[in-house]
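Novice: Sequence below, structure please.
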Amino acid sequence: MEIVDLLGPEAVIGQLKVTSKKQALQELAQRAARLTGIQERTIFDVLIERERLGTTGVGHGIAIPHGKLPGLAQLRGLFARCDHPIDFDSIDEMPVDLIFVLLAPDTAGADHLKALARVSRLFRDRAMCEKLRGTSDPEALYALLTSKTNGGH
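Specialist: Numbers count the residues shown, from 1 in each chain. Got it, this is the predicted structure:
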């Protein structure tokens, strides 16, 4: 499973203008609803429920909110680069500026975990994170996220 399998060019936001974790999740749920046809409220509720179990702010300015949705046909990703870092209750208490939302069908099983592992591996690459922080152009961000060196194609 590769990033290109999860993420389409229309699912990349170069300048997410939000001031809080809740606002970020609302904006991302809204965008995900347009991409998946699933109700925004349903997506938001799944993401918030997951945050209640423990933050998805994994440290180093990165968050990977995720959840399983009934009615979703396939794994879907959504990437956003925040205009300004926001408090995300991250494990290292650092503000977040790179967010990758991962939505999985409720029947996904191990595929959901494989996709999460793939996204986590992407963001462990410090040089990649710096490149992502260096541009707000959605096309450039998409190219970086799905590049061959990243296992994108």
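Novice: and the residue nearest the centre of the chain, what helix or strand is that in?
Specialist: Centrality entry for the chain: nearest residue to the mean C-alpha point is residue 100, 1.4 Å, by C-alpha atoms, centre = their mean. Per DSSP states H and E: residue 100 is located in strand 96-105.
Novice: just the strands in this structure please.
Specialist: 12-16, 57-59, 62-63, 66-69, 76-86, 96-105 (DSSP state E).
Novice: ok, back up a step: hang on, isn't the residue nearest to the centre of the chain packed against residue 118?
Specialist: No: with contact defined as C-beta atoms under 8 Å, residue 100 does not reach residue 118; the gap is 10.2 Å. The way it works is simple: take the backbone N, C-alpha and C, and place the C-beta from them, glycine included.
Novice: rewinding a little: sheet partners, orientation included, of the strand holding residue 100?
Specialist: Taking DSSP bridges as the criterion, strand 96-105 sits next to strand 62-63 (parallel), strand 66-69 (parallel), strand 76-86 (antiparallel) in its sheet.
Novice: Low-confidence ranges, this structure, go.
Specialist: Along the chain, segments meeting pLDDT under 70 span 148-153.
Novice: Present the strands paired with strand 96-105 as CSV; the columns should include mean neighbour count and distance to residue 138.
Specialist: Formatted as CSV, those follow (neighbours: other C-beta atoms under 10 Å; distance: least, C-beta to C-beta, whole Å):
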stretch, mean neighbour count, distance to residue 138
strand 62-63, 26, 18
strand 66-69, 20, 21
strand 76-86, 21, 9
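Novice: mind putting the ones you listed in TSV, distance to residue 105 included?
Specialist: What follows is the strands paired with strand 96-105, written out as TSV (distance: least, C-beta to C-beta, whole Å):
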stretch	distance to residue 105
strand 62-63	22
strand 66-69	7
strand 76-86	9
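Novice: what's the closest of those strands to residue 31?
Specialist: strand 76-86 (6.1 Å; C-beta to C-beta).
Novice: If I take that closest one and strand 12-16, what angle do their directions form?
Specialist: Counting by axes from the mean of the first three to the mean of the last three C-alpha atoms, to 10 degrees, strand 76-86 points 20 degrees away from the direction of strand 12-16.
Novice: Thanks again, I'm all set now.
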